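Trainee: Here is a sequence together with a model predicted from it:
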Amino acid sequence: MLLSNFSGHALEAGLDEAGRGCLAGPVFAAAVILPPDFNPRYLNDSKQLSAKRRDALRPEICAEAVAWAVGQASVEEISCLNIAQASYLAMHRAVAALPVVPAHLLVDGNRFRPLAGFEHTCVIGGDGLYRHIAAASVLAKTFRDEHMAALAAEFPEYGWAQNAGYPTAQHRNAIRAHGPTPHHRIGFRLL
């Protein structure tokens with residue numbers, strides 16, 4: 001059973017990102033503040049859920065959350081900053097977009113670039129321990145997958161509607177055959 005809170009602050013926001021290990025597309029992050037009694041049956045780390053479960057949870061999270069927001073960092077920002085710094089930027093943007101100011105940030109992972117005015121705690125594997133981080137992981141993943149599916153309409157040969165830009169054999173074979181697109185992370189080892 002996932003925990004509801006770490007700091008004791010009612011307005012604690014869970015943060016997670018999606019798309020760090022991809023070869024293409026932006027990195028997305030979400031910040032979510034949940035009510036203490038919100039505990040949907042299948043909520044978990046988004047990587048442990050099927051696409052169908054994630055898609056079913058997303059509207060429930062959005063409807064029931066005290067506040068939620070999604071941020072992203074572009075392929076150009078990933079190239080300029082590096083993927084870790086771009087992930088922090090996406091998280092900072094998600095926090096800045098929240099309609100409620102959080103009292104504490106609970107971040108999935110072992111590192112975070114501090115955000116002025118906010119206390120934070122990093123938790124390795126937090127998306128499998130805390131509800132609001134799990135909810136953030138679901139939102140970041142579903143919004144990013146939706147974005148990549150839209151890009152796939154323009155570049156169908158890369159299979160982004162299925163692989164979301166991750167380094168699958170199909171994706172790498174398409175890069176070999178067609179070359180990179182403007183949405184590929186040129187600084188990454190594409191092949």
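Mentor: Nice, thanks for sending it over. Numbers count the residues shown, from 1 in each chain.
Trainee: Would you mind putting the CA coordinates of the helix or strand that residue 16 is a member of into CSV?
Mentor: Assigned by DSSP states H and E, residue 16 falls within strand 12-18. Output of strand 12-18 as CSV, limited to C-alpha atoms (Å, rounded to 0.1, in the frame of the first residue of the first chain):
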residue,chain,number,x,y,z
GLU,A,12,3.1,18.2,-0.2
ALA,A,13,3.6,17.8,-4.0
GLY,A,14,4.9,14.6,-5.5
LEU,A,15,7.2,15.1,-8.5
ASP,A,16,8.3,12.7,-11.2
GLU,A,17,9.5,12.8,-14.8
ALA,A,18,9.1,10.7,-17.9
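Trainee: Could you list every helix and strand in contact with the next helix or strand after that strand?
Mentor: Counting by DSSP H and E, the next helix or strand C-terminal to strand 12-18 is strand 27-33. If contacts are counted by 3 or more Cβ pairs under 8 Å, 6 or more residues apart in numbering; DSSP states H and E, strand 27-33 sits against strand 12-18, strand 67-73, helix 83-97, helix 131-154. Backbone N, C-alpha and C define where each C-beta goes, glycine included.
Trainee: and strand 27-33, which residues are buried?
Mentor: 27, 28, 29, 30, 31, 32, 33 (16 or more other Cβ atoms under 10 Å).
Trainee: Put together JSON lines for the helices and strands packed on strand 27-33, with mean pLDDT on each row.
Mentor: Shown next, in JSON lines, are those (pLDDT from 0 to 100):
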{"stretch": "strand 12-18", "mean pLDDT": "98"}
{"stretch": "strand 67-73", "mean pLDDT": "98"}
{"stretch": "helix 83-97", "mean pLDDT": "98"}
{"stretch": "helix 131-154", "mean pLDDT": "97"}
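Trainee: The strand holding residue 16 pairs with which strands, parallel or anti?
Mentor: strand 27-33 (antiparallel), strand 104-108 (parallel) (DSSP bridges).
Trainee: follow-up on the earlier one: out of the helices and strands packed on strand 27-33, which comes closest to residue 38?
Mentor: Proximity to residue 38, assessed across those by Cβ to Cβ, is greatest for helix 131-154 (6.8 Å).
Trainee: Show me what whichever helix or strand comes after that closest one packs onto, helices and strands only.
Mentor: Next in sequence after helix 131-154, counting helices and strands by DSSP H and E, comes helix 160-163. Helix 160-163 sits against helix 131-154, helix 169-178, with contacts defined as 3+ Cβ pairs under 8 Å, 6+ apart.
Trainee: Please point out which parts of helix 160-163 sit buried.
Mentor: Going by 16+ other Cβ under 10 Å, helix 160-163 has these buried residues: 160, 163.
Trainee: mean confidence score for that helix?
Mentor: Helix 160-163 shows a mean pLDDT of 96.
Trainee: In PDB, could you pull the C-alpha coordinates for that helix?
Mentor: Presented in PDB, the C-alpha positions along helix 160-163 are these (Å, rounded to 0.1, in the frame of the first residue of the first chain):
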ATOM      1  CA  TRP A 160       6.700   6.600 -31.600                       C
ATOM      2  CA  ALA A 161       3.000   5.800 -31.000                       C
ATOM      3  CA  GLN A 162       4.200   2.500 -29.700                       C
ATOM      4  CA  ASN A 163       7.700   3.100 -28.400                       C
END
